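Engineer: From the sequence below, what's the structure:
(4 chains)
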Number of protein chains: 2
Amino acid sequence: MTCRVISYGERMSRWAPDAALRLERAALELFTEQGYAGTSVPEIATRAGLTTRTFFRHFPDKREVLFLRERELPAVVASLVAGAPAFLSPLGIVMHGFEAMAAGMFEGWRPDLQARRAIIGSDQGLRERELLKNVLLAGVITEALAGQGVGGREARLVARYGVLVFEIALTDWLDSDSDTFPDVLHSTAYRMGQLVRPARQDE
Amino acid sequence: MTCRVISYGERMSRWAPDAALRLERAALELFTEQGYAGTSVPEIATRAGLTTRTFFRHFPDKREVLFLRERELPAVVASLVAGAPAFLSPLGIVMHGFEAMAAGMFEGWRPDLQARRAIIGSDQGLRERELLKNVLLAGVITEALAGQGVGGREARLVARYGVLVFEIALTDWLDSDSDTFPDVLHSTAYRMGQLVRPARQDE
DNA sequence: GCCGTGATGACACGGAGTGACGTCGTCATC
DNA sequence: GATGACGACGTCACTCCGTGTCATCACGGC
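Structural biologist: Numbering: from 1, shown residues only, chains lettered A, B, ... in the order given. This next block holds a predicted model:
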């Protein structure tokens, strides 16, 4: 059960590399095969060639294994917000940041994200965790906006609103097979704005 | 351990009444005394004069004991939305519903709600559950709006937006000791609207 | 060649949550 | 009034999640 690496190319260590990635792959396989609730952490660890204790060293709990890819997302968005052009409105800064991030990270991932979303949608605890991730993201954006000179209360409102638009746009994008994500993001932002403050007489 | 009722006025049954309420009260006391993570379900059940198994018959999990009072909230809001005056905009319907509900349910609860919110804020799992409750509430509102003739996509956007405004307003109201909740709700809605679509030339 | 570091294995443990079954008042029916 | 269904709770046994602690072993620096 020690899982020594017999031969792995040039460099070999005592342990196979990328334990977290192996755990994530094993978890995704098992979750799609037999469901999230139907697979235990020991199963995941065993398939990855590791032990249960090691799983919890890489992930604070069972749900977190599904969010490995998004770990750096808050930092990315924060840096994009921090480097946004100064002439934009607060909301423009946030949406611009989402757009830039989505172009760089999401374009090739649609199938993976769809599979992952099916798993998350099947379990209440996973949806809860996803919602918390969104709120945490909003918190990071709030701080980044404050660093751009946006007032604290205004920054919080804009961040929460922007994350909400992003969340809905992501859902719609994954549901529709043809559109591109920036387009969905734009149209979602536009439609939401219309509903919040209907325009007087433009089309 | 059977907790027979010795004497309870006219009608007496084998078990003391209001098991769920007793569990809620015991949980609130213990959580404020020694923290959420520091109290176990057996402790709560024992203080309420019940067993662990009975706790889980009344609440699907440990977190849920903090949301007993809000169980009927989705139904209340849904009925308010369903009975809203027809001349209102979709968002007007939702905000009107929140206002009516808040007037009837929240006014006397501020101290209780503040204590509860301190507990929820101290634990990640509780914040996650609270976020899920909000999204579930948005889902119910979406259906109620659809019953009022609002299109599905539009209803979803309005519901999520309205719940977001409500959530932020509730937080601000509990933070400030003087304001009344409808006022905070109004001002939050107004400020959020300003940020989403800045007006051209009004102040 | 020695030692610090870092990742992992091995073991033990408490708490969350569930399934199955037993107990005993309450209520309706006869 | 006796009987049986019903409902709320107790009791027991179990799995799984998550954590603390210590031992093990490769690697890199000296």
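Engineer: Quickly check: stretch A:115-122 near DNA strand D or not.
Structural biologist: No - contact of stretch A:115-122 with DNA strand D is not found when judged by Cβ under 7 Å from any atom of the strand; the minimum separation is 13.9 Å. All C-beta spots, glycine's among them, are computed from the backbone N, C-alpha and C.
Engineer: Now do that stretch: everything it contacts.
Structural biologist: Residues outside stretch A:115-122 that contact it (Cβ atoms under 8 Å, 6 or more residues apart in numbering or on different chains): A:28, A:31-32, A:35-36, A:66, A:126-127, A:130, A:171, A:174.
Engineer: Mark which of those are buried, thanks.
Structural biologist: Buried members of the contacts of stretch A:115-122, scored by 16 or more other Cβ atoms under 10 Å in any protein chain shown, are A:28, A:31, A:36, A:66, A:126-127, A:130, A:174.
Engineer: Now for A:V150: which residues touch it?
Structural biologist: A:V150 neighbours (Cβ under 8 Å, 6+ apart): A:90, A:93, A:158.
Engineer: Repeat that for A:L131.
Structural biologist: B:128, B:131-132, B:135.
Engineer: Any figure for the gap between the residue lying closest to A:A102 once chain neighbours are set aside and A:E64?
Structural biologist: The shortest distance from A:A102 to any non-neighbouring residue, by Cβ to Cβ, 6 or more residues apart in numbering or on different chains, is to A:F181 (4.8 Å). Separation of A:F181 from A:E64 (Cβ to Cβ, to the nearest Å): 25 Å.
Engineer: Same check on A:A27?
Structural biologist: 10 Å.
Engineer: just the CA coordinates of the helix-or-strand element of chain A with minimal mean pLDDT, formatted as CSV?
Structural biologist: Counting by mean pLDDT, DSSP states H and E, chain A has its least confident helix or strand at helix A:90-105, which shows a mean of 88. Output in CSV follows, covering the C-alpha atoms of helix A:90-105 (Å, rounded to 0.1, in the frame of the first residue of the first chain):
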residue,chain,number,x,y,z
PRO,A,90,-17.1,49.9,-10.7
LEU,A,91,-19.4,47.4,-12.3
GLY,A,92,-17.6,47.8,-15.5
ILE,A,93,-14.4,46.8,-13.8
VAL,A,94,-15.9,43.7,-12.3
MET,A,95,-17.5,42.5,-15.5
HIS,A,96,-14.4,43.3,-17.5
GLY,A,97,-12.4,41.1,-15.0
PHE,A,98,-14.9,38.2,-15.4
GLU,A,99,-14.7,38.4,-19.1
ALA,A,100,-10.9,38.4,-19.2
MET,A,101,-10.8,35.5,-16.8
ALA,A,102,-13.4,33.5,-18.7
ALA,A,103,-11.6,33.9,-22.0
GLY,A,104,-8.4,32.6,-20.5
MET,A,105,-9.7,29.7,-18.3
